[in-house]
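Student: Mind looking at a prediction? Sequence and model below.
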Amino acid sequence: MVEVIDVRGLERDKRISYIFEKLEKEGELDVIIETEPKPLIKKLHDRGYLVKLKEEGDHVKLEIREPKIIPGSCPGASTIFRPSLEIVKCPHCGADIERWTDEIKGVCENCGKEVIFEIDSCVQWCEYAKKCLGDKYEEVMQTLEELKSAKSKIVDVRKYIKMEEVK
Ligand SMILES: [Zn+2]
């Protein structure tokens, strides 16, 4: 059973040290607190803990669980942490293009057109991505957003060309 502690009666500046003291002994902990404690959650994340927040009536419960992932250790994160070179085909002219696996855009040396690359990584959907990527998380998510908007700007013109029947 995970121990539950209620820190609402404690002075605010004593809470964090108390919680970490407990965590060192117990490994895992449920904490009852008035509202989402952002500085505490940040400290917990920095130490690699998983934190789940549950609203329960007039208070929230933090479920603090032991770190289970070493940042960057997942194969999906390695394309971002340790980019490697790969060869992709230019969608415009079919020429080979070298790209780093963490790059989202490049220019084809053969035809000079801009090419949007795929980032094929589980960080797009993995619930532990934030923990796994650590400091890189924000940056990567922004990159993925850019990728999405770049893609949405590509219009398949074939849809708008009416094929005229040749008689
Ligand atoms: Zn090309």
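Tutor: Happy to help now that I have it. Numbers count the residues shown, from 1 in each chain.
Student: Low-confidence bits of the chain, can you list those?
Tutor: The chain contains residues with pLDDT under 70 at 67-76, 119-121, 151, 153-167.
Student: all strands for it, in order.
Tutor: Along the chain, the stretches classed as strands by DSSP state E are 4-6, 29-33, 50-56, 59-65, 85-89, 96-100, 105-107, 114-116.
Student: and the nearest residue to residue 92 once chain neighbours are set aside, how many residues sit next to it?
Tutor: Using C-beta to C-beta, 6 or more residues apart in numbering and skipping residues adjacent in sequence, the residue nearest residue 92 is residue 113, 4.6 Å away. All C-beta spots, glycine's among them, are computed from the backbone N, C-alpha and C. Other residues near residue 113 come to 12 when the count uses other C-beta atoms under 10 Å.
Student: hey, where'd the helices end up in the chain?
Tutor: 12-26, 38-46, 75-81, 129-133, 137-152 (DSSP state H).
Student: helices and strands around the third one, which ones?
Tutor: In terms of contact count using 3 or more C-beta pairs under 8 Å, 6 or more residues apart in numbering; DSSP states H and E, helix 75-81 is assigned the packing partners helix 129-133.
Student: buried set for the helix it packs on?
Tutor: Buried residues in helix 129-133, counted by 16 or more other C-beta atoms under 10 Å: 129, 131-133.
Student: do stretch 42-60 as well
Tutor: Neighbour count says stretch 42-60 has 44-45, 49-51, 60 buried, by 16+ other C-beta under 10 Å.
Student: Mind putting those into JSON lines with distance to the ion?
Tutor: Below are the buried residues of stretch 42-60 laid out as JSON lines (distance: C-beta to the ion, whole Å):
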{"residue": "44", "distance to the ion": "48"}
{"residue": "45", "distance to the ion": "42"}
{"residue": "49", "distance to the ion": "47"}
{"residue": "50", "distance to the ion": "44"}
{"residue": "51", "distance to the ion": "46"}
{"residue": "60", "distance to the ion": "53"}
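Student: circling back: tell me which of the buried residues of helix 129-133 is nearest to residue 65?
Tutor: residue 131 (10.7 Å; C-beta to C-beta).
Student: Test my guess that that closest one contacts residue 51.
Tutor: No - judged on C-beta atoms under 8 Å, residue 131 makes no contact with residue 51 at a distance of 9.5 Å.
Student: overlap in contacts of the two?
Tutor: residue 45 (C-beta atoms under 8 Å, 6 or more residues apart in numbering).
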